[in-house]
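give me coordinates for this.
(chains A and B)
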Number of protein chains: 2
Amino acid sequence: MNLELIMQLIEQKNYPKLKQELENVRPVDIAHIFEELNERDTLLVFRLLPKGIAAEVFSYLSTEKQAELSTLVDEKELSDILDELFFDDKIDYLEEMPANVVKKILKNTSEMERKLINQFLMYPDYSAGSLMTIEFVDLKKEMYVKDAFARIRGIAPDKETIYTCYAIDEERHLEGTVTLRSIVLSDDNVKIEDIMQKDPIYVNTHDDQEYVADIFKKYDLLAVPVVDNEKRLVGIITIDDVVDVMEEEATEDFYRMAAVQPSEESYLDTGVLTLARKRIVWLLVLMISSTLTGFVIQRYELALKSVVALATFIPMLMDTGGNAGSQASTVVIRGLVLGEISVRDVLKVVWKEARIAFIAGVLLAIINFIRVYTIQGYSLPVSLTVSVTIVLTVVVAKIVGGILPIIAQKLRLDPAMMASPLITTIVDTTTLTIYFALAVWIIGITV
Amino acid sequence: MNLELIMQLIEQKNYPKLKQELENVRPVDIAHIFEELNERDTLLVFRLLPKGIAAEVFSYLSTEKQAELSTLVDEKELSDILDELFFDDKIDYLEEMPANVVKKILKNTSEMERKLINQFLMYPDYSAGSLMTIEFVDLKKEMYVKDAFARIRGIAPDKETIYTCYAIDEERHLEGTVTLRSIVLSDDNVKIEDIMQKDPIYVNTHDDQEYVADIFKKYDLLAVPVVDNEKRLVGIITIDDVVDVMEEEATEDFYRMAAVQPSEESYLDTGVLTLARKRIVWLLVLMISSTLTGFVIQRYELALKSVVALATFIPMLMDTGGNAGSQASTVVIRGLVLGEISVRDVLKVVWKEARIAFIAGVLLAIINFIRVYTIQGYSLPVSLTVSVTIVLTVVVAKIVGGILPIIAQKLRLDPAMMASPLITTIVDTTTLTIYFALAVWIIGITV
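Here you go, the predicted model:
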């Protein structure tokens, strides 16, 4: 794609040439161009697109751009675009639009479609129901391959995928799935029921999207059928939407682990106040809880006053404890998400982390001792206190970091909450308590 | 699947019944059962599986179990299993096996396949070449749909996907892609070149797997063709392998952001020494760099000695700075990975973070002031010093956290390196410098 040429043609208002050039550009790339255009150009260029392409481009636009275009085109144009959209894209769009736009659109749709749309809009966010589409190929198990194939050819243009088809009975109960591959490979007079997968994998409309993604990953699926509580087939979910879910879920975990409330909007499009709100609550909670660590120092103020050098090592000890703990918690959180670690592995994890911590802690302590005692020239008691604290801190941090995500999982909380910020705050208090207790004992300060 | 029943049958050595039951279990679930079995049962149960199923189960086994089975079966059996594997699974297997096993296997393969295997083993890790498979459907663009369809039916059983086919010329140059959908929808006497996508998306064998995953996400692909430097089609990559790549890449980022060196093995299967090694280097680097923060305290030792209460707030200030910074860096790192933020947005990010930080910082400072001055009863100068430090710290932390990942991206380093641990260490020094400088000025201590 020659983006510069396109932008030049828009600027020159050379619409015939532009129309011709756009024919060679993929819809997703055209959608990217729209994000850069002002209102006037948006409408002008959009109207140059052929109807089918226009709808596809529309489905790739950002929510903001979709909203902008919705106000620019007239009612008839908008309803034409929406008619061309796949049902899941239409629902995604309606979910994001303000109520008055939705009302206007629903006014122009048939009674039947209106009911269906309302039903879809009621599925909870992040549920299988909110992800699915209704454009799938349904077959009867009594059909011969020849007839099934004819049906597929007939209805394929309106279907999101034809590579997996679904056998249903009179009451639309899911009876099996059959791939286009097996249909293509079978003789004309074979019955669908003889080549279908009889005990197919399916999900319920109310299953969480994370569970849906796990099913796709485990069984390498291209699509999965979605059933209601009576096991009637109501839709399918395709892999392209699951890829987006995987990305969303990963983003959510990254955000949680950094004590940021997850958000669906992209960073640059979100207002400063919204972004600030998503961060302040946790900052506040952590600020207040970290004053606990201050109380430890307060308690040992006299010790600190008599050996003020002790304060010099506070940052290093806190950071090392925090880092050691967040290493462990990150590895364990990720293991839980990927299903490599389960709640019953808790003792294995603790034992493993304890040994890792001992090795890492002793090594860090030795290097630290050499530096503090021989290079920086601190006294033996101070050097010893700092070094022994390192070993104990790393051990405590890694065990806490390893165990808390598993406890969260057990309590059905998101393990990602138990990441760096919370671990650091917890470990800090322990670290400084160990440090000052050791100082009093080894250096022999009276408190 | 009734896992308990299966395990019972294995224990009772009821092999006829077991064989029957296993027919109803999906290969990936059978693979999970194997991971729980000892050597003897592994071999016994494996030999109960029909040949085609055995190979599929084998492809789902962990590397450890594959290695175990390879030593248990004889050469003939092993080569039978490998013959049934898709080429990409075979390469994955060979990459993980010790050299003597690989040698034994290559001895039993044809000259041609041996050359091909050696070529594939030479593709760099994490490259498109190392992900691709050779089992794709190639067509000529002059073919009629009727003949293309006949060809697909003939060779489909050995192909990993038939849903996208590839048109090539005499020298195997990629000329276009054509979906089975468009073949099914076209009349018999249409030529492939009239329905193929003429300017198809493709990747090069040396492209990084992250780039490949981005292409899949952007264009919602099920498969992508892989070409060599002469644009000859050498393989394809299918979506199931890309889903695994996406997960691997996310794990890598999570690890990097917690200062752990990425690893491919699962946590529970990895030895303590290996795990320790992946964490020690960064712990050490961060321990040494955080002593810089100690020097700040050392410089202000006299100030600290005269107002020892100042030490009480060190942990809270360090933690708040660290958290504020890692919130910003995580959001920006994720934005860079998802392509929502690019290097040229650096000023937008700084301006946005500065405003977020100001709002968050002022709010935290007010709450902190109320607590420290009115509840804890510290003096006005101390309360003011701590509160003003909070505002400045949050602003510095968020700007540093927002800018460093972008700089890393610009320098072609992984932005994920610029996460919590490194940001914390950098921000700590600034925080304490601001804190003590303000203390000297506001409280008026002589140093």
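
let me see the contact set for A:T429.
A:T429 sits next to A:L292, A:T293, A:V296 when contact means C-beta atoms under 8 Å, 6 or more residues apart in numbering or on different chains. C-beta coordinates here come from the backbone N, C-alpha and C atoms, glycine included.

and chain B, which of those residues reach it?
A:T293 (C-beta under 8 Å from any C-beta of the partner chain).

A:E39 touches A:L72, doesn't it?
Yes: between A:E39 and A:L72 there is a contact at 6.5 Å, judged by C-beta atoms under 8 Å.

checking A:Y378 next. Helix, strand or coil?
coil (DSSP: H, G, I helix; E, B strand; the rest coil).

how about the nearest residue to it, chain neighbours excluded?
Computed as C-beta to C-beta, 6 or more residues apart in numbering or on different chains, the closest residue to A:Y378 that is not its neighbour in sequence is A:V372, at 5.0 Å.

now do the contacts for the one you found.
Going by C-beta under 8 Å, 6+ apart, A:V372 touches A:F313, A:Y378, A:V382, A:S383, A:V386, A:S387.

relative to chain B, which of the residues you listed is nearest.
Nearest to chain B, judged by C-beta to the nearest C-beta, of the contacts of A:V372 is A:F313 at 6.0 Å.

how about the closest one, nearest residue that isn't a chain neighbour?
A:V386 (5.0 Å).

how far away is that neighbour from A:I442?
Distance of A:V386 to A:I442, given as C-beta to C-beta, to the nearest Å: 10 Å.

what does the stretch 101-250 of chain A have sitting close to chain B?
Neighbours of chain B within the stretch 101-250 of chain A, by C-beta under 8 Å from any C-beta: A:149, A:152-153, A:156-157, A:162-163, A:180-181, A:184-185, A:199, A:216-220, A:222, A:239-240, A:243-244, A:246-247, A:250.

show me those that map onto strands.
Among those, DSSP state E puts none in strands.

filter those to the buried ones?
Buried subset of these (neighbour count, 16 or more other C-beta atoms under 10 Å in any protein chain shown): A:149, A:152, A:156, A:162-163, A:180-181, A:184-185, A:216-217, A:222, A:239-240, A:243, A:246-247, A:250.

so what's the residue count around A:I6?
Using other C-beta atoms under 10 Å in any protein chain shown, A:I6 has 19 other residues around it.

from the residues of the stretch 101-250 of chain A next to chain B, which land in helices?
Among those, the members falling in helices (DSSP state H) are A:149, A:152-153, A:180-181, A:184-185, A:216-219, A:239-240, A:243-244, A:246-247, A:250.

picking up where we left off before, buried members of the contacts of A:T429 into ChimeraX, please.
In ChimeraX syntax, the buried subset of the contacts of A:T429 is picked out as below (16+ other C-beta under 10 Å):
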select /A:293,296
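
show me where chain A dips below the pLDDT cut-off.
For chain A, the stretches with pLDDT under 70 are A:1-2, A:446-447.

for the one residue sitting closest to the centre of it, what are its contacts?
Centrality entry for chain A: nearest residue to the mean C-alpha point is A:E249, 1.6 Å, by C-alpha atoms, centre = their mean. A:E249 makes contacts with A:Q209, A:E210, A:A213, as judged by C-beta under 8 Å, 6+ apart.

which among those residues end up buried?
Using 16+ other C-beta under 10 Å, the buried ones in the contacts of A:E249 are A:Q209, A:A213.

so can I have a markdown table of the contacts of A:E249 showing secondary structure?
Shown next, in a markdown table, are those (three-state DSSP):
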| residue | secondary structure |
| --- | --- |
| A:Q209 | helix |
| A:E210 | helix |
| A:A213 | helix |
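
ok, the contacts of A:E249 vs A:V260, which is closest?
A:E210 (18.8 Å; C-beta to C-beta).

coming back round to it: touching, the residue nearest to A:F313 and A:L317? I think so.
Yes: judged on C-beta under 8 Å, A:V386 makes contact with A:L317 at a distance of 7.3 Å.

what touches both of the two?
In contact with both A:V386 and A:L317: A:Y435, using C-beta under 8 Å, 6+ apart.

who has more neighbours out of the two?
A:V386 (26 against 23).

return the distance of that one relative to A:A439.
Computed as C-beta to C-beta, the A:V386 to A:A439 distance reads 9 Å.

on that earlier part again, inside helices: which ones of the contacts of A:V372?
Among the contacts of A:V372, DSSP H puts A:V382, A:S383, A:V386, A:S387 in helices.

select from these the one having the most neighbours.
A:V386 (26 neighbours).

list the residues that contact the residue of the stretch 1-150 of chain A found nearest chain B.
Per C-beta to the nearest C-beta, A:V28 is where the stretch 1-150 of chain A lies closest to chain B, at 6.1 Å. By C-beta under 8 Å, 6+ apart, the residues touching A:V28 are A:Y60, B:K218, B:Y219, B:D220.

are we agreed that it is in a strand?
No: judged by three-state DSSP, A:V28 forms no part of a strand; its state is helix.

quick one, what contacts the nearest residue to A:S182 once chain neighbours are set aside?
The shortest distance from A:S182 to any non-neighbouring residue, by C-beta to C-beta, 6+ apart, is to A:I195 (4.7 Å). Taking C-beta under 8 Å, 6+ apart, we find A:I195 in contact with A:V145, A:V178, A:S182, A:I183, A:S186.

who wins for most neighbours among those?
So for the contacts of A:I195 (other C-beta under 10 Å), the most neighbours sit at A:V178, 25 neighbours.

gap between the spatially closest residue to that one that is not a sequence neighbour and chain B?
Closest residue to A:V178 apart from its sequence neighbours, by C-beta to C-beta, 6+ apart: A:M196 at 4.1 Å. In this view, A:M196 and chain B are 15 Å apart by C-beta to the nearest C-beta, to the nearest Å.
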